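> fold the following.
(one chain, ligands or ions: 1)
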Amino acid sequence: MPELRKGVCRGRAKLAQPQQPQETRKQTRNQGRKRGAAAVIEVGRPRTRLAAKRLKEEEEHPQVVVISERESDILKELVKDNKEKEAVMGDDSGGLSANKAPEQEEEGSTAPFPERVQFGGSPMYRIERKLGKGGFGQVFVGRRVSGGNERATGSAAMEVALKFEHRNSKGCSYGPPYEWQVYK
Ligand SMILES: Nc1ncnc2c1ncn2[C@@H]1O[C@H](COP(=O)(O)OP(=O)(O)OP(=O)(O)O)[C@@H](O)[C@H]1O
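The predicted model follows:
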């Protein structure tokens, strides 16, 4: 009796697929079309007025897409982000550099700074480069130009950081800021 060899069916013509009912075939064709349309939209050419309108809106108001493996991660990030924002915006103490009130910053930035300063019984300081700015004021390098001596430290040192705070700033609303007392 002849034995069946392995792979004898390989060359055989495929069995005819059972015919789909007319309705189903139509659906499949339409699905194919939809897929094609989506691909066209993906490359940027809208095919309908609505799609064009949406594309225009997206271009005008681009959305930030957060990519994360799990949705919960995105939520966690958003909550964390919002909490951080609230913490910064809600702190009115002025201790955070990022918490800047625009109008105060405006005032502080536009107010002219003196070329030299002298405070209390301190030596005279020339204002040099800006070091940075905080919520209510700006900080500059002060170089001693008169008074003091080579070994002087503290408020009579050769080089100091001088912070200017506008008297109308929020930080001065209730008199000299507490920060000043701490520095003293
Ligand atoms: N001694 C210093 N040496 C170098 N840079 C300084 C010095 N002091 C302040 N700065 C710079 O100036 C920036 C503002 O300092 P500041 O003390 O005003 O910050 P802040 O406490 O956040 O502000 P604010 O008290 O007005 O809210 C700092 O972020 C830092 O870059």
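> ok, now which ones touch Arg143?
Arg143 is in contact with 125-126, 128, 158-159, counting by CB atoms under 8 Å, 6 or more residues apart in numbering. All C-beta atoms are positioned from the backbone trio N, CA, C, and that covers glycine.
> in PyMOL, how would I select the buried members of those residues?
Filtering those down to the buried ones (16 or more other CB atoms under 10 Å) takes a single PyMOL command:
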select buried, resi 125
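> ok, and which of the contacts of Arg143 reach the ligand?
Cross-checking the contacts of Arg143 against the ligand (CB under 6 Å from any ligand atom) gives no overlapping residues.
> mind checking pLDDT for the residue lying closest to Cys172 once chain neighbours are set aside?
Among residues not flanking Cys172 along the chain, Glu165 sits closest, at 6.2 Å (CB to CB, 6 or more residues apart in numbering). What the model reports for Glu165 is a pLDDT of 81.
> so Glu165 bridges to which residues?
For Glu165, the beta-bridge partners are Gly137 (DSSP bridges).
> contacting residues around it?
Per CB under 8 Å, 6+ apart, neighbours of Glu165: 108, 136-137, 171-172, 177.
> intersect those with the contacts of the ligand.
136-137.
> now for the contacts of Glu165: which two are most distant?
Using CB to CB, these reach their maximum pairwise distance at Gly108 and Pro177, which is 13.2 Å.
> who's more crowded, these two?
Legend: neighbour count by other CB atoms under 10 Å for Gly108 and Pro177, higher for Gly108 (23 against 20).
> and the single nearest residue of the chain relative to the ligand, how many neighbours?
Going by CB to the nearest ligand atom, the ligand is nearest to Gly134 of the chain, at 1.8 Å. Residues lying near Gly134 (other CB under 10 Å) number 20.
> ditto for Gln138
Quick note: Gln138 (other CB under 10 Å) scores 19 neighbours.
> any idea how far it is from Arg144?
Distance, Gln138 to Arg144, using CB to CB, to the nearest Å: 20 Å.
> show me how the chain divides into domains.
Domain assignment for the chain, taken from automatic domain parsing, gives 23-60, 64-93, 102-183.
> weakest of these by average pLDDT?
Least confidently modelled of the domains of the chain is domain 64-93, at a mean of 37 by mean pLDDT.
> one step back: in a markdown table: the contacts of Glu165, plus distance to Pro114.
Shown next, in a markdown table, are the contacts of Glu165 (distance: CB to CB, whole Å):
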| residue | distance to Pro114 |
| --- | --- |
| Gly108 | 14 |
| Phe136 | 18 |
| Gly137 | 14 |
| Gly171 | 19 |
| Cys172 | 17 |
| Pro177 | 19 |
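> where does the residue nearest to Lys133 when sequence neighbours are not counted fall, secondary structure wise?
Nearest in space to Lys133, with sequence neighbours left out and distances taken as CB to CB, 6+ apart, is Val139 at 6.7 Å. Using DSSP states H and E, Val139 maps to strand 137-146.
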